[in-house]
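> next input, structure requested:
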Amino acid sequence: ENDSLQVHVLKPGWKEFVQRRALGRFRCSQCFHEWSSAKAHVLFQMCRCRGQGMVWMRAFRQACRRCPNPQLEEPEFSQETVERLLHNLVLKILKYFYHLPIQSSDLLEVVVDALVVGPHDSTRCEGCQLGVC
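Model prediction:
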């Protein structure tokens with residue numbers, strides 16, 4: 001995990017994959033309010049050099065809308081969502097570094113059926129602030 005990763009800021013030889021619209025759960029560390037968001041985004045940056053691979057990831061955070069000075073909170077993902085994220089990451093690795101033909105239809109949707117109430121609050125979304133949303 002690397003919270004300093006930036007979208008489209010890559011070292012030579014590195015590739016990027018942004019998984020948009022994952023279902024994440026958040027909990028405010030100040031008031032303990034909980035919320036779900038279908039716009040939890042995850043940035044992966046990967047490279048393959050000297051026969052070894054490396055993947056860095058950054059999950060974009062959100063802030064509580066109930067607190068006046070909220071902190072950005074990390075998303076939590078269900079096991080099913082993590083499995084789908086990793087499935088899509090592996091497909092991107094196969095495409096980028098092993099040149100296998102991967103279709104966009106091969107990628108899994110990572111918003112699983114869940115009740116998400118209310119509009120997305122872009123003012124409290126780190127992904128929106130950084131141009132990912």
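> could you use CA atoms for every contact and neighbour count after this?
Fine.
> can you pull out the low-pLDDT segments for this structure?
The chain contains residues with pLDDT under 70 at 112-115, 117.
> centroid-wise, who is the farthest residue in it?
Within the chain, R50 marks the point farthest from the mean C-alpha position, 27.4 Å out by Cα atoms, centre = their mean.
> quick one: contacts for that residue?
For R50, no residue meets the contact criterion (Cα atoms under 8 Å, 6 or more residues apart in numbering).
> any idea what sits nearest S36, other than its immediate chain neighbours?
Nearest residue to S36 in three dimensions, chain neighbours excluded: R25, at 4.5 Å (Cα to Cα, 6 or more residues apart in numbering).
> so which bits of stretch 75-86 are buried?
By 16 or more other Cα atoms under 10 Å, the buried positions in stretch 75-86 come out as P75, E76, F77, T81, R84, L85.
> which residue lies nearest the spatial centre of the chain?
V42 (1.2 Å).
> the lengthiest strand in the chain: partners in the sheet, and parallel or antiparallel?
Using DSSP state E, we find that the single longest strand of the chain is strand 34-49. Within its sheet, strand 34-49 is paired with strand 15-27 (antiparallel), strand 52-59 (antiparallel), according to DSSP bridges.
> just how off-centre is the longest one within its chain?
Spelled out, that is strand 15-27. 2 Å (Cα atoms, centre = their mean, to the nearest Å).
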